[in-house]
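Engineer: Provide a 3D model corresponding to the input given below.
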Amino acid sequence: MADTHVVSALREKRAKVAGCIARLERQLDQHRADLSHIDGVLRLFEPDRDPEAIKPKRTYARRTRYFARNELSRLCRESLRDSERLSTEDIVARIVERKGFDAADSVLRSALRAQLLTALRAMRKRGAVGQSGLGRGVRWKLAGA
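Structural biologist: Okay, here's the model as predicted:
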């Protein structure tokens with residue numbers, strides 16, 4: 001027979017997960033009802049078009065609490081403006097210093113590195129930065145610099 005404290009903890013966890021699922025199902029039902037009402041109004045204004053043909057937009061997770069809107073890409077551009085070519089780690093170090101974050105916090109640096117790489121890739125797609133090399137040896141520079 002399993003220990004009673006283990007069973008008790010598992011029952012508590014199950015109750016929390018079941019409650020979370022019930023709340024999400026209620027939200028899903030409300031969103032489906034909202035969508036149905038919007039589709040009805042769209043059909044009034046455009047009876048010949050099918051609202052189902054409208055592609056859903058991707059929703060994004062909550063914005064990071066470390067940076068304001070576009071602040072990370074601005075700090076990245078400022079770092080690259082001061083140097084010829086920088087590695088991702090060099091840019092992270094400059095941003096950590098500029099923002100006054102704890103430079104010894106490896107978890108924070110890892111999270112910033114992931115966010116920075118996302119920002120750099122988007123900037124590369126727009127032609128704002130250039131990339132040379134791959135993997136950990138990648139170097140970044142401002143386009144036209």
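Engineer: could you point out which element follows the lowest-mean-pLDDT helix or strand in the chain?
Structural biologist: Using mean pLDDT, DSSP states H and E, the weakest-scoring helix or strand in the chain turns out to be strand 129-132, at a mean of 84. Toward the C-terminus, strand 129-132 is succeeded by strand 139-142 as the next helix or strand (DSSP states H and E).
Engineer: Contacts for the least confident helix or strand of the chain, please.
Structural biologist: If you take CB atoms under 8 Å, 6 or more residues apart in numbering as the criterion, strand 129-132 is touched by 76-77, 80, 85, 120, 123-124, 138-143. From N, CA and C alone the C-beta is placed, and that goes for glycine too.
Engineer: Type out the ChimeraX command that picks the buried ones from those residues.
Structural biologist: Under the burial definition 16 or more other CB atoms under 10 Å, those of those that qualify are selected in ChimeraX by:
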select :76,80,85,120,123,138,140,141,142
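Engineer: so which two of the contacts of strand 129-132 are the farthest from each other?
Structural biologist: Checking the contacts of strand 129-132 against each other with CB to CB, the farthest-apart pair comes out as 77 and 138, at 16.8 Å.
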